[in-house]
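Asker: Here you go, sequence then predicted model.
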Amino acid sequence: MKKNNFFDASWLPTTVKEAEILGWEEIDVVLISGDAYIDHPSFGTAVIARVIESEGFKVAVVPQPNWKDDLRDFRKFGRPKYFFGVTAGNMDSMVNHYTAAKRLRSNDAYTPGGKAGFRPDYPTIVYTQILKKLFPDVPVVIGGIEASMRRLTHYDYWKNRIEPSILAGSGADMLIYGMGEQPIRELVRQLASGAAFSELTTIPQTAVVVKQSEAIPKTDWKDIVLHSFEQCCGSAKLFADNFVKFEKESNKLNAGRLIEAVDNRQVIVNPPFPPMTETEIDNVYDLPFKYQPHPRYNKKEAIPAYDMIKFSVNIHRGCFGGCSFCAIAAHQGKQIVSRSEKSILKEVKNLVSDPDFKGYISDLGGPSANMYGMEGKDLQKCQTCSRPSCIWSSVCNNLKIDHKRINRLYSEVDKIKGVKKSFVGSGVRYDLLFSEWNKNAGRNEDEYLRELILNHTSGRLKVAPEHTSPNVLAEMRKPPFELFKKLKNKFDRIIKTNGVNFELIPYFISSHPGCSDEDMKMLAHEMKTLNLKPEQVQDFTPTPMTLATTMFYTGFNPYTGKKVFVARSVEDKRKQKNYFFWWNKKL
């Protein structure tokens, strides 16, 4: 990978001076982000910017604008020809800013030096409202995880109340949810053809707001009318009912259009584009990314988030696990979108050419590392399937689970000259490897586990059983803890046979809805029996529009109506967390 630490035509501008160097007199699209600007496909702002650029548009990026001064960062490029794009960044800003106990974090991995304080709470709203004040007639398009997971009425943990769609709260003109390459490409193409922005109300994977008095745009989509924001505020049952409808439609390949009233307006969420094909996702990774922070950061401290992924390779998107506490499927989709082997190997070779590369790939993975290449056997059956998980509470008969393709990928990566070792740092779904859960598991799965442990683990294999209690695991949509025990037995045999001293590191979640004191006592007993001493335990954080968050707010499972215990107080949460550290007599 050839380093380019100086601004030239291969970069996208972040200042007026840089735009002048490019000879630009007008900017077509200005993107504003809560993150530092890293021109790498792991960062959403860079991906969207490069996609827009590939359509022939002049696009500029304003990273981490100052929202406290005279707002010069928002004004510096003036009025763009088409629209402003706004994102909070790669993380939800509130998760970025606060712990599960609502304590302010002291660092921000997406800022030089890891320094905190360079973005506001809810930057999507703050940035949009500033732009609407400065340029009231210029459309604003919002996107990214923060906007995506707030596209409809949602519970906000940090405010402890129901909030309306972020479209209504921010004043934005359009919301792009999920992975935005396809809708942003369609949007700029239609604008380039002369369409007025206000007319673009039926682009898939977008959401818009219309007045209650206006007619809903006609389409062939099935319309699903949700309970209004006001009704949800008055009834936990109606709020829960909305979530079930939202989740079921999100899981279908052939989804309906969601319509939800708020005040005197209606939020319209159009169904998504079909999942990208292998060729389409390869084309995204073929865009001219620099794989570096922008030259504006040359004299600044390192950006931790970049350092973490600098020598990693993302091999696919999406996750069909459907865990209750996770937002991946609602954002990236349930269907797995895998890059071709050729595309991945090309990126690995680029990494090898980087003078800073020492031979070690830090992560060859994705949301769930071993779902690469997996899909439905008959995609027609997936068109209307609303199952939130393809592998819980049982493995779908239509799901093709085979580790042959990923085994071959690992082998080909490790053959590349200059690669000493490729690690898998992403989470692994070990339930896919055992016939007790996946009846089709066989030789390829055994080979995968052995290969993973011996050749792609940096001495510590991290997996996430999350809990031991059958009751809690059912609420989490996670497999039985017995599978983790089987994994541990196989792990121990493999390392003993091969004479290596590796560790199996389990991750757990405390205070998940449905978890009682009795469940935690059961967990402590299991931990002690297996002599497991977790180093870290994640305290459950309710994030918008997940099943677990809906249970946290309502106190019941929206699918079953069954009441669930929720640890809400600081004392209850601390008590649950302490059970994990059964060996620490100071607790």
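Answerer: Sure thing, it's come through.
Asker: domains for the protein, by residue range?
Answerer: Domain assignment for the chain by automatic domain parsing gives 16-269, 300-579.
Asker: those helices in the stretch 151-300 of the chain, which residues are they?
Answerer: 166-170, 181-192, 229-234, 236-251, 278-285 (DSSP state H, counting those that start in this stretch).
Asker: Can you lay out the domains of the chain as TSV showing mean pLDDT and mean neighbour count?
Answerer: To be clear about C-beta, it is placed using only N, CA and C from the backbone, and glycine gets the same treatment. Shown next, in TSV, are those (pLDDT from 0 to 100; neighbours: other CB atoms under 10 Å):
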stretch	mean pLDDT	mean neighbour count
domain 16-269	97	19
domain 300-579	95	18
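Asker: Now tabulate those in TSV and tack on distance to Glu280.
Answerer: Shown next, in TSV, are the domains of the chain (distance: least, CB to CB, whole Å):
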stretch	distance to Glu280
domain 16-269	8
domain 300-579	8
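Asker: Let me see the ranges of the strands in the stretch 201-350 of the chain.
Answerer: Using DSSP state E, counting those that start in this stretch, the strands found in the stretch 201-350 of the chain span residues 206-211, 223-225, 257-262, 265-269, 292-293, 312-314, 316-317, 337-338.
Asker: Which strands and helices lie in contact with the fifth one?
Answerer: Yep, that's strand 292-293 we're talking about. strand 38-39 (3 or more CB pairs under 8 Å, 6 or more residues apart in numbering; DSSP states H and E).
Asker: 10 Å instead, please
Answerer: Counting contacts by 3 or more CB pairs under 10 Å, 6 or more residues apart in numbering; DSSP states H and E, strand 292-293 packs against strand 38-39, helix 304-309.
Asker: Sheet partners, orientation included, of that strand?
Answerer: Note on strand 292-293: by DSSP bridges, its sheet partners are strand 38-39 (antiparallel).
Asker: returning to what we had before: quick one: closest of the strands of the stretch 201-350 of the chain to Ala192.
Answerer: Among the strands of the stretch 201-350 of the chain, strand 206-211 comes nearest to Ala192, with 16.8 Å by CB to CB.
Asker: Nearest to Met276, out of the domains of the chain?
Answerer: Closest approach to Met276 among these is made by domain 300-579 (5.1 Å; CB to CB).
Asker: what distance separates the start and the end of that closest one?
Answerer: Distance between the boundary residues of domain 300-579 (CA to CA, to the nearest Å) amounts to 43 Å.
Asker: Same question for stretch 102-118.
Answerer: 19 Å.
Asker: Check the offset of it from the chain's centre.
Answerer: The chain centroid and the centroid of stretch 102-118 are separated by 19 Å, computed with CA atoms, centre = their mean, to the nearest Å.
Asker: Equivalent analysis for stretch 282-292, please.
Answerer: 19 Å.
Asker: Tell me which residues of that stretch come out buried.
Answerer: Buried residues in stretch 282-292, counted by 16 or more other CB atoms under 10 Å: 282, 284-285, 287, 289-292.
Asker: Output those in CSV, with distance to Val570 and pLDDT appended to each entry.
Answerer: What follows is the buried residues of stretch 282-292, written out as CSV (distance: CB to CB, whole Å; pLDDT from 0 to 100):
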residue, distance to Val570, pLDDT
Asp282, 48, 98
Val284, 44, 98
Tyr285, 45, 98
Leu287, 46, 98
Phe289, 44, 98
Lys290, 45, 96
Tyr291, 43, 96
Gln292, 42, 96
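Asker: any chance of those in TSV, plus distance to Leu226?
Answerer: Conversion of the buried residues of stretch 282-292 to TSV gives the following (distance: CB to CB, whole Å):
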residue	distance to Leu226
Asp282	36
Val284	32
Tyr285	36
Leu287	36
Phe289	38
Lys290	42
Tyr291	42
Gln292	43
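Asker: Now distance to Arg103 too, for the helices and strands packed on strand 292-293, in JSON lines please.
Answerer: Converted to JSON lines, the helices and strands packed on strand 292-293 look like this (distance: least, CB to CB, whole Å):
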{"stretch": "strand 38-39", "distance to Arg103": "27"}
{"stretch": "helix 304-309", "distance to Arg103": "19"}
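Asker: right, so of those, which gets closest to Phe239?
Answerer: Taking CB to CB, helix 304-309 is the member of those nearest to Phe239, at 33.7 Å.
Asker: separation between Asn298 and Phe6?
Answerer: Separation of Asn298 from Phe6 (CB to CB, to the nearest Å) stands at 8 Å.
Asker: my read is Phe508 is in a strand, agree?
Answerer: Yes: checked against DSSP: H, G, I helix; E, B strand; the rest coil, Phe508 lies within a strand.
Asker: From the buried residues of stretch 282-292, pick the one nearest Glu186.
Answerer: Closest approach to Glu186 among the buried residues of stretch 282-292 (CB to CB): Val284, at 14.6 Å.
Asker: closest to Glu249 out of the helices and strands packed on strand 292-293?
Answerer: Closest to Glu249 of those is helix 304-309 (CB to CB; 31.9 Å).
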